[in-house]
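Participant: Whatever this is, show me its structure:
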Amino acid sequence: MAKFVSLQEGIEEVLRDGDSVSMEGFTHLIPHAAGHEAIRQGRKRLTLIRMTPDLIYDQMIGMGCAEKLVFSWGGNPGVGSLHRLRDAIENGWPHRLEIEEHSHAAMANAYEAGAANLPFAVFRGYKGVDLPKVNPNIRSVTCPYTGEVLATVPALRPDAAVIHALRADREGNVLLEGIVGVQKEAVLAAKRSLVTVEEIVEDFGPRNANAVILPAWTVTAIAHVPGGAYPSYAHGYYKRANEFYIGWDKIARERDSFLSWIKANVLEKGPDAFAQYARPQRQAAE
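Facilitator: Below is the predicted model:
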């Protein structure tokens, strides 16, 4: 059953050195504040799992948090490369990073298999492509009913899932709306989960047609972190900070500028720092 904690307490309880961790969010609701707290707490030897690793994983990789990345696309959306990711793979800085690459379809199916407590996912895909040649975890199975050869990948069962959501109610239920990605599946597949939220409310009120509600019994811990998805966006709360993504390319390109930014904006600040990004836009909306 979900319990309410601070962000610091949530990361301490849910994420441990050596864990596999999924920090999901597809353009929307990316858990940046939680990632920064993991950096502050010096988490090491993590296997980072994410369909579309972008800035927060670039930061965690650059700070030496990860030893492996499981992903289906990696980059700074609309801008270019993730320079800390490239430096780790190409030059071993701050240390070597193992990678396991999949397609989007494979990872979505692998999360669903994990959520269903199945050992692997089976789907139509990976026909006529070269990725199986470099990823031995991509295999195949013959359908016992039709004889069709289908692709398989191992289920994703992270030790921890960390996501950002819009609201939680007092009973610990969690609401996501807008682009929801695979956050639900990641939480259901994981052994432990932390959800950071924009608001804690008495009642969710009217909901959009695509709303997802995670019942309290599926979540380990909830932390109230307004602005916790910045510079990504939170539907109905604040917009995506496109200028930050553009600026990150220059910041992350060199090791010294990256480390200086991390020191000033992560290590020397606390979990409440993200609230400043949400507040002006909320006030404007009101």
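Participant: CA atoms only: put stretch 104-113 into PDB for me.
Facilitator: Coordinates of the C-alpha atoms in stretch 104-113 are reproduced here as PDB (Å, rounded to 0.1, in the frame of the first residue of the first chain):
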ATOM      1  CA  HIS A 104      10.000   0.500 -29.100                       C
ATOM      2  CA  ALA A 105       7.600  -2.400 -29.800                       C
ATOM      3  CA  ALA A 106       9.900  -4.900 -28.100                       C
ATOM      4  CA  MET A 107      10.200  -2.800 -24.900                       C
ATOM      5  CA  ALA A 108       6.500  -2.000 -24.700                       C
ATOM      6  CA  ASN A 109       5.800  -5.700 -25.000                       C
ATOM      7  CA  ALA A 110       8.500  -6.600 -22.500                       C
ATOM      8  CA  TYR A 111       7.000  -4.200 -19.900                       C
ATOM      9  CA  GLU A 112       3.600  -5.800 -20.500                       C
ATOM     10  CA  ALA A 113       5.000  -9.200 -20.000                       C
END
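Participant: Now do the same contact list for residue 167.
Facilitator: By CB atoms under 8 Å, 6 or more residues apart in numbering, the contact list for residue 167 reads 174, 175, 197, 198, 199, 200, 201, 204. Heads up, the C-betas are built off the backbone N, CA and C, glycines and all.
Participant: next helix or strand past the helix or strand hosting it?
Facilitator: When secondary structure is defined by DSSP states H and E, residue 167 falls within strand 160-169. Going down the chain from strand 160-169, the next helix or strand is strand 174-176, by DSSP H and E.
Participant: related to what we said a few turns ago, among the contacts of residue 167, which ones are buried?
Facilitator: The neighbour-count test (16 or more other CB atoms under 10 Å) marks 174, 175, 197, 198, 199, 204 as buried among the contacts of residue 167.
Participant: who does the closest residue to the last one other than its chain neighbours bridge with?
Facilitator: Here the nearest residue to residue 204 in space, its sequence neighbours aside, is residue 175; by CB to CB, 6 or more residues apart in numbering that works out to 5.0 Å. Per DSSP bridges, residues listed as beta-bridge partners of residue 175: residue 167, residue 213.
Participant: Residue 175 and residue 126, how far apart?
Facilitator: 35 Å (CB to CB, to the nearest Å).
Participant: among the contacts of residue 167, which are in strands?
Facilitator: With strands identified by DSSP state E, the entries of the contacts of residue 167 that belong to them are 174, 175, 197, 198, 199, 200, 201.
Participant: wait, what's in contact with the fourth one?
Facilitator: Going by CB under 8 Å, 6+ apart, residue 198 touches 164, 165, 166, 167, 225, 226, 227, 228, 229, 234, 237, 278.
Participant: So which of these is the closest to residue 219?
Facilitator: When those are compared for distance to residue 219 (CB to CB), residue 165 comes out closest, at 9.4 Å.
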